[in-house]
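Trainee: structure of the sequence below:
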Amino acid sequence: MKHARQKNAWSLKTKVAASVLGAALAGGAAYGVTNWVVGLGAGSSAEGQSASVSNLTITAVASPAATNLLYPGGTGDAVMTITNPNPFPVTVTAVSLPTNTTYAAGFTTSALSTAQTGCSATTSFVLWNFATGVSGSSHTLTTPLVVGANATLTVTMTNDASMTTASPAACVSTYFSMPSLTGVTATGGAGTATTSPATDAWTS
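Mentor: Here you go, the predicted structure:
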């Protein structure tokens, strides 16, 4: 989170030129300009304000460029976008997953608009890899992802989708809407934005 910085106490001496009208002397001379030194009053300050914080948004990519495709007993890639609406960079270091009995829904196209018959969220047996029996389990990313201020990062999570051997034949040639993540571990502040598209993973 970006905080306004509070300046240390400091003093500033300013010379104020006071023009003194020259009074004519007998010899015709005049008084010159006199400089007064003015200090700064105790407690002089200014006002700052910290930015508000908005949640990140993580969504599926309509046309995933996944290299590793799912098959029964195997793992595959999951492609997502992370959108940061904040006016400062956000660094994501971990994701929180639903339970290992929460499955993805299958669709006939990458637009995820038409359901795949016989391959639903109750029958697909497609889940997040390394999910546990506890909802909200945290999994650290191999490399932290820095999403720039007011920016969107596309990232492929390598082999972080999984399909069990119980997945039916109806799930062949199917696109999956992965179960919603339950949270992320992220911090706001300085950071160089990760180049999009990126590749990352959690491995445990």
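Trainee: which stretches of the chain form strands?
Mentor: 14-18, 34-38, 57-60, 75-84, 90-97, 105-107, 126-128, 137-147, 151-163, 175-177, 183-188, 198-200 (DSSP state E).
Trainee: just checking, what packs against the third one?
Mentor: Looking back up the chat, that one is strand 57-60. With contacts taken as 3 or more CB pairs under 8 Å, 6 or more residues apart in numbering; DSSP states H and E, strand 57-60 sits against strand 75-84. Where you see a C-beta, it was placed from the backbone N, CA and C, and this is true even at glycine.
Trainee: so what are the sheet partners of the strand it packs on and their directions?
Mentor: strand 57-60 (antiparallel), strand 151-163 (antiparallel) (DSSP bridges).
Trainee: partner residues bridging the closest residue to residue 121 other than its chain neighbours?
Mentor: Among residues not flanking residue 121 along the chain, residue 105 sits closest, at 4.1 Å (CB to CB, 6 or more residues apart in numbering). Following DSSP bridges, residue 105 is listed with bridge partners residue 177.
Trainee: got a list of what residue 105 touches?
Mentor: Neighbour list for residue 105: 115, 119-121, 124, 176-177 [criterion: CB atoms under 8 Å, 6 or more residues apart in numbering].
Trainee: ditto for residue 147
Mentor: By CB under 8 Å, 6+ apart, the contact list for residue 147 reads 56, 82-84, 89-92, 153, 193-194.
Trainee: and for residue 155?
Mentor: With CB under 8 Å, 6+ apart, residue 155 has these contacts: 79-82, 145, 194, 196-200.
Trainee: for the most centrally placed residue in the chain, list each beta-bridge partner.
Mentor: The centroid of the chain falls nearest to residue 90 when counting by CA atoms, centre = their mean (3.4 Å). Beta-bridge partners recorded for residue 90 (DSSP bridges): residue 147, residue 188.
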